[in-house]
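J.: Predicted model, plus sequence, below.
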Amino acid sequence: MNVILLGAPGSGKGTVSRLLEERFGIVQISTGDILRAEVKADSATGRFSEPYMTKGDLVPDDVIMNIVEERLAQKDCEKGFILDGFPRTISQAEGLGKLMSERGLKLDLVVNLDVPEDILISRLTSRRTCSNPDCHAIYNTISNPTKIEGVCDKCGSPTIQRDDETETAIKHRLETYKEKTAPLIDFYRNENCFVNADSSETKGVFETAMAKLAMAGAI
Ligand code: ADP
Ligand code: ZN
């Protein structure tokens, strides 16, 4: 099963991905996580991408397409994948369409996570991420705090506020989303597998996705 999650930063794509991953045993592919790992490893891709990421700008399409092409060719993608944070531009969506048709793959589900902007801002400013790259647990100081402040419940590493989660960077990321990524809703709207999850609750989004899959006969 091949799934795309669309939605602004803070719309809950990561959480919905994890639910789908557990339910269907397919891999989550987050271009943001891959890029952060590249930055951490101080690779050429990481060094090139970091300034864009810190500012809340998109990393250029050709870099992203190379990452995705390589990732989709790996064995664990054979059963399917959940794309989280990709595609983010019309050009990436076109590139993905090409990659998938070359491999004889089809899309089973495109979910748009539709969340009001005030909720996005409050979620992003209160978000904390585990600093351990192998864990990456996500917390929220308001709705999902760690048991001990600043310490990951799962692995004990410090939790941090990402550089791109300061108020200024967040505003910029939301502007970038509106300008570059929101047009993807219209790009996919007419596909049979498109569903708009008009909900600010992650559980509701997951249920909408499951209902759509059932309706399409995919599960
Ligand atoms: P978000 O929380 O905004 O969904 P991500 O973890 O998906 O953040 O991405 C973090 C940063 O990595 C983005 O702000 C952007 O700079 C870069 N990035 C991730 N995915 C893409 C993509 N598909 N195209 C361009 N840039 C990307
Ligand atoms: Zn952790």
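T.: Received the coordinates, thanks. Computed from a predicted structure; not experimentally measured. Numbering: from 1, shown residues only. Ligands and ions are numbered 1, 2, ... in the order given.
J.: so Lys79, which of the three states?
T.: Following DSSP: H, G, I helix; E, B strand; the rest coil, Lys79 is assigned to coil.
J.: Nearest residue to it in space, ignoring adjacent ones along the chain?
T.: In space, and not counting its chain neighbours, Lys79 is closest to Ile26: 5.3 Å by Cβ to Cβ, 6 or more residues apart in numbering. Just so you know, the C-beta spots here come from the backbone N, C-alpha and C atoms, and that holds for glycine as well.
J.: phi, psi of that neighbour?
T.: Main-chain dihedrals, Ile26, degrees, to the nearest 10: phi -110, psi 160.
J.: Ok, the one 4 residues further on next?
T.: Main-chain torsions, Ser30, degrees, to the nearest 10: phi -110, psi 110.
J.: Just give the number of residues close to it.
T.: Applying other Cβ atoms under 10 Å, we find 19 residues neighbouring Ser30.
J.: what bridges to the closest residue to it other than its chain neighbours?
T.: Counting by Cβ to Cβ, 6+ apart, Asp84 is the residue found nearest to Ser30 once chain neighbours are left out, at 4.4 Å. On the basis of DSSP bridges, Asp84 is bridged to Leu5, Ser30.
J.: Would you confirm that Asp84 contacts Lys13?
T.: Yes - with contacts counted by Cβ atoms under 8 Å, Asp84 reaches Lys13, the gap being 4.7 Å.
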